[in-house]
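J.: Let's see this in three dimensions:
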Amino acid sequence: MPALSLHTRSMPHLHLPHGPITATLATGFLLVFSGCGGSTRSTQTAPVTPAVVTVAGAAQTRLGGTAQFTATVAGGTSTAVTWQVNGVTSGSAATGTISASGLYTAPSTLPSPNTVTIAAVNSAATAPGTLVETILNPIPTVSSATATQSGTTTTYNMDVMGTGFINGAQIGIGGSPVTTTFVSSTELTAAVTVASGTTSLAVNVVNPASGGTPSATVNAAIAAIHATVTAAARLLDQATFGPTLNDIQHVQQIGIDAYITEQFNAAPTLLPDIAATPAAICTATNLVPCEQSEWWQTVLTGHDQLRQRVAFALSEIFVVSTDSLNARAVTSYQNTLAQDAFTNFSTIMNDVSLSPAMGGYLNMLNSNKPATGQIANENYPRELMQLFTTGIDMLNPDGSLQLNSTGNPIPVYSETQVQAFARAYTGWTYATSTGAASSKFPNNTPNYDSPMAAVESAHDTTSKILLNGAVLPAGQSAEQDLSGALANIFAHPNVGPFVCRQLIQHLVTSNPSAAYVERVSAVFANNGTGVRGDMQAVIRAILEDSEARAGDTSATFDGGHLREAMLYMTNVMRGLGFTNTSSVGDYSSLGNYTNALGERPYMSGSVFNFFPPDYVIPGTATNAPEFGQENTASAILRLTLANSLVNNKITNFTVDLGATSALGITASQTGVALTDSGNLVDSLGIIFMHGQMPAQIRTAIVNHVATLTNIAQRVRVATYLVITASQYKIEN
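T.: Now for the predicted structure:
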């Protein structure tokens, strides 16, 4: 065989340092070089595998609900993850939030689109684990539904109460949707046609997609247009200065809704100006009897009872007092409240602000622009917010306090903002006799019948920073600054719950539920056509709310409020039919009787009213404002007043409670004493207890007065026992 020849390819000479060097080749082998006579070896290693994250949990969550997610990490050296919603660590209010443990809380409003991506991020993973979560609207719950006839035999107003309603929710009648008005998250309304003879309707609610699962179905009772005796009497107790039998029968015939509409359309009864030469019941230095006489006559006899009752409530919110004011200013102020009672709350704010009575009482009248380094008068701007419109702390729509992260209330305004509003309200003084602006400041010639007028030279024209950072620019007129400042307050979210809660307290119940306040506040924010502050819508919402009307069918419903002194006086006098006997028509003596109980018209001792709206009965958690006046002395004095009323001892007034009176005839018409007493007590029960007198009280009174053979005495004693009963003192 031929010899084999081997050729070796030369390799470049490597200069290697002493010691081993390891190089990783693309082949996956390790070459280990040993310097200076060392050996060379190669080893193979496994490639690094990245961690993989997977997320598990429910694929759907309803608004405001929660869902628990878990993350599994395969591979890697750590199982820790960071949670994200739509790429944002911990999420956000708009898309929902997620805790470090993976508990997801859906947002309160539906995002668009209604899906979010839940992600778990691991530091060793090349990609997060994700899960697409669908957000659904809540399933609504219906607690009650009523259909009230609205004027024809087939047209009804459907009112549905519950929870979890979303704007766009639809009421279903027998499974068919009807055009629905969203009032709040707890109330929906609709106009429906009901076939004659129908006694109930199957009602449910469906929220808009996504997640349109209907509520459970409830049966809605069909209420005829005619009101029951109890419903009519209770409404009149809330909406007037006292029910009368004639008015009860009238409301029975036309219904609650129609009565409220009728009252909205009634022309206002206005107090006449006090004459330049006042009536003999007054003196040149004391005009209060004239002003109070006109007030008592108006509230007792006026045909516009609802207007006057709302004006009375407003007068106990926007307080002025003859303790420091000329009575001529107060008659004009009362007329302003009566005329504005059914307008818009922004109109009330403006007209109260420019009223000479309020201007004089809280010092906006003749408030001059401050000198450099000084501040303008803060009295009116502070009380306008603190007592009349917003309160001092931020509120939720249901009137409850908003709290910060440390659990403390959040102030509505700062001292700096009060000072800014004070400067905005400078430059106003009495108008001239023609209602025009004066040429001088201050104008010290009173004009109580015209709004205050501005003298621009006395107005502060610097810029002002108001609530929520709003700015009144420099150089504006007094009128522009006032308009801007009032609009800034009117738009504040506190105004609805703060004002509506007080109106509910004055008209219906001292301690309304949070849901009741929220429903009425929603109407304040939007009357259904986009208007904020519509007083007619607010008043109707207060009086027709399910909580206001609950006592119409349940004598044991826990609500109402203590009758304050002036309402106690007018209720008894209207119910019994008192008439004025003064030769000059003087009604002012009535204030002498209520004064003993802590009240006279427009004579509050301070801007905080006769009683504060937040008064809580000592030793309880019950908010009951009028009980701020109740004590052992006032309780006894109320009994004394009742005795004077039934024994015809009210100066300048008379009432017939004799044997030939209507009540006397009722008490003697059958000739059987016990039955007579029953008829008498039942008649009094309709007038003063809405026909809901507890059986135990009725039996006790009937049995007692049956022993009295003198019919007049029987009537007086029965009346006394009814109007001094705790069930009457508390308007329920």
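J.: the helices in the stretch 251-400 of the chain, which residues?
T.: Using DSSP state H, counting those that start in this stretch, the helices found in the stretch 251-400 of the chain span residues 256-264, 288-301, 305-315, 327-340, 345-353, 356-361, 379-383.
J.: in the stretch 401-550 of the chain, which spans are strands?
T.: Applying DSSP state E, counting those that start in this stretch to the stretch 401-550 of the chain gives strands spanning 428-429, 453-454, 464-465, 471-472.
J.: what number of residues lie near the closest residue in space to residue 234 that isn't next to it in sequence?
T.: Using Cβ to Cβ, 6 or more residues apart in numbering and skipping the chain neighbours, the partner closest in space to residue 234 is residue 690 (4.9 Å). For every residue, glycine as well, the C-beta is placed using N, CA and C. Neighbour count of residue 690, defined by other Cβ atoms under 10 Å: 26.
J.: Can you get me the start-to-end distance on stretch 81-90?
T.: End-to-end distance for stretch 81-90, by Cα to Cα, to the nearest Å: 12 Å.
J.: ok, and the closest non-adjacent residue to residue 668?
T.: Excluding its sequence neighbours, the residue lying closest to residue 668 (Cβ to Cβ, 6+ apart) is residue 711, at 4.9 Å.
J.: mind listing the helices for the stretch 501-650 of the chain?
T.: Secondary structure of the stretch 501-650 of the chain, counting by DSSP H, counting those that start in this stretch: helices at 514-525, 535-544, 546-549, 565-576, 590-595, 632-646.
J.: Adding mean neighbour count and distance to residue 449, write these out as a markdown table.
T.: Conversion of the helices of the stretch 501-650 of the chain to a markdown table gives the following (neighbours: other Cβ atoms under 10 Å; distance: least, Cβ to Cβ, whole Å):
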| stretch | mean neighbour count | distance to residue 449 |
| --- | --- | --- |
| helix 514-525 | 23 | 30 |
| helix 535-544 | 22 | 23 |
| helix 546-549 | 21 | 36 |
| helix 565-576 | 23 | 25 |
| helix 590-595 | 20 | 24 |
| helix 632-646 | 15 | 35 |
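J.: Check those for me: which has the lowest mean pLDDT.
T.: Among the helices of the stretch 501-650 of the chain, helix 546-549 has the lowest mean pLDDT, at a mean of 93.
J.: which secondary structure elements does that one contact?
T.: Applying 3 or more Cβ pairs under 8 Å, 6 or more residues apart in numbering; DSSP states H and E, one finds that helix 546-549 contacts helix 229-239, helix 514-525.
J.: do that again at 7 Å, thanks
T.: Of the remaining helices and strands, none touches helix 546-549 by 3 or more Cβ pairs under 7 Å, 6 or more residues apart in numbering; DSSP states H and E.
J.: Looks to me like residue 202 is in a strand.
T.: Yes. According to DSSP: H, G, I helix; E, B strand; the rest coil, residue 202 belongs to a strand.
J.: Now do the same contact list for it.
T.: The neighbours of residue 202, taking Cβ atoms under 7 Å, 6 or more residues apart in numbering as the test, are 174, 217, 219.
J.: what's the answer for residue 344, then?
T.: By Cβ under 7 Å, 6+ apart, the neighbours of residue 344 are 533-535.
J.: at 6 Å what do you get?
T.: Shown in contact with residue 344 (Cβ atoms under 6 Å, 6 or more residues apart in numbering): residue 533.
J.: Please name the bridge partners of it.
T.: Beta-bridge pairing for residue 344 (DSSP bridges): residue 534.
J.: State the three-state secondary structure for residue 728.
T.: Residue 728 carries the three-state label helix when classified by three-state DSSP.
J.: Can you report how many residues neighbour it?
T.: 23.
J.: unless I'm mixing things up, it is touching residue 690, no?
T.: No. If you go by Cβ atoms under 6 Å, residue 728 and residue 690 don't touch, sitting 10.1 Å apart.
J.: closest one to residue 428 among the helices of the stretch 251-400 of the chain?
T.: Closest approach to residue 428 among these is made by helix 356-361 (6.4 Å; Cβ to Cβ).
J.: now for the closest one, which elements pack on it?
T.: Under the contact definition 3 or more Cβ pairs under 6 Å, 6 or more residues apart in numbering; DSSP states H and E, helix 356-361 sits against helix 327-340.
J.: average pLDDT across the helix it packs on?
T.: Per-residue scores along helix 327-340 average to 98.
J.: swap in stretch 90-103?
T.: For stretch 90-103, the per-residue pLDDT averages 95.
J.: gap between it and the chain center?
T.: Chain-centre distance of stretch 90-103: 32 Å, with Cα atoms, centre = their mean, to the nearest Å.
J.: buried sites along that stretch?
T.: Neighbour counts using 16 or more other Cβ atoms under 10 Å place 91, 95-98, 102 of stretch 90-103 among the buried residues.
J.: a markdown table for those residues, including secondary structure and distance to residue 611?
T.: Shown next, in a markdown table, are the buried residues of stretch 90-103 (DSSP: H, G, I helix; E, B strand; the rest coil; distance: Cβ to Cβ, whole Å):
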| residue | secondary structure | distance to residue 611 |
| --- | --- | --- |
| 91 | strand | 47 |
| 95 | coil | 47 |
| 96 | strand | 45 |
| 97 | strand | 43 |
| 98 | strand | 48 |
| 102 | coil | 52 |
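J.: Tell me which two in these are the farthest apart.
T.: Applying Cβ to Cβ across these, the maximum distance is between 95 and 102, 15.6 Å.
J.: Might one say that residue 714 is in contact with residue 668?
T.: No. Taking contacts as Cβ under 6 Å, residue 714 lies outside contact range of residue 668: 8.3 Å.
J.: More neighbours: those two, which one.
T.: Set residue 714 next to residue 668 and count neighbours by other Cβ under 10 Å: residue 714 wins out with 26 against 18.
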